[in-house]
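S.K.: quick one, fold the following:
(2 chains)
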Protein chains: 2
Amino acid sequence: MGKTRARIAIDAMGGDHAPAEIVAGALRARDELGVEVILVGDRHSIEAVLPANTNLGQLEIVPAQGTIEMHEEPLSGIRRKPKASINVAMNLVKQQQADAVVSAGHSGAAMASALLRLGRLSGIDRPAIGAVFPTIVASKQVLILDVGANVDCRPKFLEQFAVMGTVYSKYVLGIPEPKVGLLNIGEEESKGNDLALQAYQLLQANPKVPFVGNAEGRDILSGDFDVIVCDGFAGNVLLKFAEAVGEVLLQILREELPQGLHGQLGVSLLRPNLKRIKQRVDHAEHGGGLLLGVAGICIISHGSSQAPSIFNAIRLAREAVDNEVLERIQGSVAIAEE
Amino acid sequence: MGKTRARIAIDAMGGDHAPAEIVAGALRARDELGVEVILVGDRHSIEAVLPANTNLGQLEIVPAQGTIEMHEEPLSGIRRKPKASINVAMNLVKQQQADAVVSAGHSGAAMASALLRLGRLSGIDRPAIGAVFPTIVASKQVLILDVGANVDCRPKFLEQFAVMGTVYSKYVLGIPEPKVGLLNIGEEESKGNDLALQAYQLLQANPKVPFVGNAEGRDILSGDFDVIVCDGFAGNVLLKFAEAVGEVLLQILREELPQGLHGQLGVSLLRPNLKRIKQRVDHAEHGGGLLLGVAGICIISHGSSQAPSIFNAIRLAREAVDNEVLERIQGSVAIAEE
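M.R.: Reported below is the predicted structural model:
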């Protein structure tokens, strides 16, 4: 053994289904993943959703007061509520009492809190939010970053995103040789806006980035890329569009499939198959994003996360801790800058 | 009657299925839509795909030599091949022998040809390519522009796109009071990159634009917007992603539905319903884009267009001609500039 167990601070109060689903996912992760979980939030609310047989002596709860609401401006909220659950969770990482944070709360607030309390990794100008999309290949996913932290980017930001995405893809998602692409409007090097044209040159020249070329909109879900970098504006539009598209497709299936003489019967025969289809296209099955570039491991889950998403988020956090992702990013950035 | 019939110049040689499918769509449009079609291209190739009973005396063919290939750089191709079918078709509009052009060939080449031969409408800095997306509401579509003509935009370009999109939505797509949105990463006026922040102010202040606010990625397919403006980079990524998503879903249905004990039977019972689903999500059923802002009506169909798409494209061209879209855009821009 030897290795200590990863300690994950969970923002128990963040998200649409907090604290019940957050706590449920955390307890399952503790039992099945061999991690320590620290539940951060209002002790009374957390205890109220624990299973009746819980041994409170074995459960670590760190008290916090309030959360940053979705309508609040992140930075001012973070400053006005120093005892909010996300702030307390970040402090645990800063004080080395936890190895990572998982939150399904206000993602902008989580980023602001991470920046203020943990700071950036040296050599990283801007942290990025990454999101994992499913692809047409059932066993493959693609990591897109940035999906919203930086709406206006300079070319070197995209280069740094690529370095971070490469490390994350290798050591957390388990892709030995990730293929990195640049989101663009054509395959050719000569295509793109000013940002893409300049970023292409930087990516091609960086030995730490296994850059394979431009990824067009149609390539995102093809499974041909493991990491795709873009500015946070395009990435955020894509993320929200992709999430909605899954819902639209399920809605169309619900409307059209049961129609007509044989519709109901056909649907009932296909029920297990339709469930698998839902799993493949529904974003709610895929969890949320991750914050890369701050001096700590932060997994930002979707606001709508339920227990399975939180469980998956904690597994990602554990992989990041166990595989020393921060140190590896730091190493890659340092070498790239020499 | 009184009104003369719209004369549509068809680039018979442009597209993956030219000339057979292009000619078939054109002939159907001539017979069913009450338009005159002028087939532009190699006379021998066109005549070879005509039905046996065609009365050649009633069919107008204007000869052209060659096409701009997909791998060719648009502007140099257009200049090097003045007799290419797209150039000859544009010349017909310039010389007022045709009212509109429909092409499924190289879209960049069509734009270059239109710019060189027809020029821009006064008051329009940059023409835009618009594309019509289906929405979750079966009867509603949304017009997105720009989807690729201008990868780097200034705020006033987006304002002009909004003016043109409003006119097109009203007078071609038949939406009496179109709702216009700005593609952005949040609902609030304070959200967005520099371009979006500035464009928001211009859109809000322009009395010719029925601006209702920001449209996030998740709102694109909601049916809440009739027109959404964005720069050509984001729009192109979205367009290609949306087209691919439809294919991905159909692929997942093909993989998952027939599986298991009852899969085949269930699929056979649902065959007509699945066909309707395919129609709603498959981009090939929806045709292509349109070029707005040049001094002529140009419909740019998808390269993969078959006869039904060409038929639909010609119908759009006819609506644009009959409803005097160019004059209305010109009027709106002029007033907006006062």
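
S.K.: measure A:Gly213 to chain B for me?
M.R.: 15 Å (CB to the nearest CB, to the nearest Å). Where you see a C-beta, it was placed from the backbone N, CA and C, and this is true even at glycine.

S.K.: what separates that residue from B:Asp226, distance-wise?
M.R.: 36 Å (CB to CB, to the nearest Å).

S.K.: which residue ranges form the strands in chain A?
M.R.: All strands of chain A, identified by DSSP state E, fall at A:7-11, A:36-41, A:60-63, A:100-103, A:128-134, A:141-145, A:180-183, A:211-215, A:227-229, A:289-292, A:297-300.

S.K.: mean pLDDT for those strands: which is lowest?
M.R.: The stretch with the lowest mean pLDDT among those is strand A:289-292, at a mean of 86.

S.K.: so of the strands of chain A, which one's packed in deepest?
M.R.: The highest average neighbour count among the strands of chain A, using mean count of other CB atoms under 10 Å in any protein chain shown, belongs to strand A:100-103 at a mean of 32.

S.K.: helices and strands around it, which ones?
M.R.: In terms of contacts (3 or more CB pairs under 8 Å, 6 or more residues apart in numbering or on different chains; DSSP states H and E), strand A:100-103 is packed against strand A:7-11, helix A:85-94, helix A:107-117, strand A:297-300, helix A:307-322.

S.K.: using CSV, write out the CA atom coordinates for the third one.
M.R.: It stands for helix A:107-117. Extracted C-alpha coordinates of helix A:107-117, given in CSV (Å, rounded to 0.1, in the frame of the first residue of the first chain):
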residue,chain,number,x,y,z
SER,A,107,-19.2,27.4,-11.4
GLY,A,108,-18.1,31.0,-11.8
ALA,A,109,-18.0,31.3,-8.0
ALA,A,110,-15.9,28.0,-7.7
MET,A,111,-13.4,29.5,-10.2
ALA,A,112,-13.2,32.8,-8.4
SER,A,113,-12.8,31.1,-5.1
ALA,A,114,-10.0,28.8,-6.5
LEU,A,115,-8.2,31.8,-8.0
LEU,A,116,-8.4,33.9,-4.9
ARG,A,117,-7.5,31.1,-2.4
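
S.K.: which other helices and strands contact that helix?
M.R.: Under the contact criterion of 3+ CB pairs under 8 Å, 6+ apart, helix A:107-117 touches helix A:74-80, helix A:85-94, strand A:100-103, strand A:289-292, strand A:297-300.

S.K.: including distance to A:Lys275, could those go into a markdown table?
M.R.: Putting the helices and strands packed on helix A:107-117 into a markdown table (distance: least, CB to CB, whole Å) gives the following:
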| stretch | distance to A:Lys275 |
| --- | --- |
| helix A:74-80 | 37 |
| helix A:85-94 | 34 |
| strand A:100-103 | 27 |
| strand A:289-292 | 26 |
| strand A:297-300 | 27 |
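
S.K.: can you tell which of these is closest to B:Ala110?
M.R.: With CB to CB as the criterion, B:Ala110 lies closest to strand A:289-292 of these, at 39.2 Å.

S.K.: partners of that closest one in the sheet?
M.R.: strand A:128-134 (antiparallel), strand A:297-300 (antiparallel) (DSSP bridges).

S.K.: and A:Ala98, which of the ones you listed is closest to it?
M.R.: Going by CB to CB, the one of the strands paired with strand A:289-292 nearest A:Ala98 is strand A:297-300, 9.3 Å.
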